[in-house]
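>>> Quick one: sequence plus predicted model below, questions after.
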Amino acid sequence: MQLNDLKPTRRRLRGKRVGRGGKRGTTSGRGTKGQKARAGHKIRPAIRDVIKKIPKLRGYRFHSFRPGPVAVDIARVIAAFPTGATVDPAALIAHGIVRRMKGKIPRVKLLGNAAVTKRYTLRHLALSRSVARRIRDAGGSILLDAS
């Protein structure tokens, strides 16, 4: 066997090289001028330009779909309830201080810095530390819910 008898085991198929003369003429089937007629042409998608022009919202903003507690000032509770009353979300709804949210009794948090002179029993309410201290100082009691 001679070197000139050797044949390649596999053949690489290349695409047809255009624009190098031959029977297709000068433009070689690419039309005349422009981006598509050039070698290595790439056309950007039009939607990319539209997306780039849309203003962006910067930063990370997570908004919970779960509603937070309804804030109630302790001064409104003092004005509405007598001494020795049991204050819970249902009682606040009955007195018109809090409204139902989508038919359900909402979570309620007592806030504020009014002086508490009456004794209350608070049930199923969230409290700020200062309100909890004032309720206990006035002789009231706080019963937290099981959840």
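Received the coordinates, thanks.
>>> Off-centre distance for stretch 111-123?
Put simply, stretch 111-123 sits 36 Å off its chain's centre (CA atoms, centre = their mean, to the nearest Å).
>>> Likewise for stretch 95-111?
That offset, for stretch 95-111, works out to 25 Å (CA atoms, centre = their mean).
>>> how long is that stretch from one end to the other?
Chord length of stretch 95-111, first to last residue, is 18 Å (CA to CA, to the nearest Å).
>>> what ranges do the helices span in the chain?
Using DSSP state H, the helices of the chain run over residues 46-53, 74-80, 89-94, 129-137.
>>> which one of these lies closest to F65?
helix 89-94 (20.7 Å; CB to CB). (Each C-beta comes from the backbone N, C-alpha and C, glycine too.)
>>> For the residue most central in space within the chain, give me its contacts.
Centrality entry for the chain: nearest residue to the mean C-alpha point is F62, 3.3 Å, by CA atoms, centre = their mean. In this structure, F62 makes contact with no residue, judged by CB atoms under 8 Å, 6 or more residues apart in numbering.
>>> And it, what's its pLDDT?
pLDDT recorded at F62 is 82.
>>> just to revisit the earlier point, rank the helices of the chain by mean pLDDT and give me the bottom one.
Here these differ in mean pLDDT, and the lowest is helix 46-53 at a mean of 86.
>>> Run the chain-centre distance for that helix.
Relative to its chain's centre, helix 46-53 lies at 24 Å (CA atoms, centre = their mean).
>>> do the same with stretch 112-126
Distance, centroid of stretch 112-126 to centroid of chain: 35 Å (CA atoms, centre = their mean).
>>> So what would you say the end-to-end distance of it is?
13 Å.
>>> Could you measure from the residue nearest to the centre of the chain over to G68?
13 Å (CB to CB, to the nearest Å).
>>> dump the residue contacts of R66.
Taking CB under 8 Å, 6+ apart as the definition, R66 has no contacts.
>>> phi, psi of it?
Per-residue torsions, R66: phi -90, psi 130 (degrees, to the nearest 10).
>>> pLDDT score for the residue nearest to K118 when sequence neighbours are not counted?
In space, and not counting its chain neighbours, K118 is closest to T83: 4.2 Å by CB to CB, 6 or more residues apart in numbering. Predicted confidence (pLDDT) for T83: 94.
>>> now R100
pLDDT at R100 comes out at 91.
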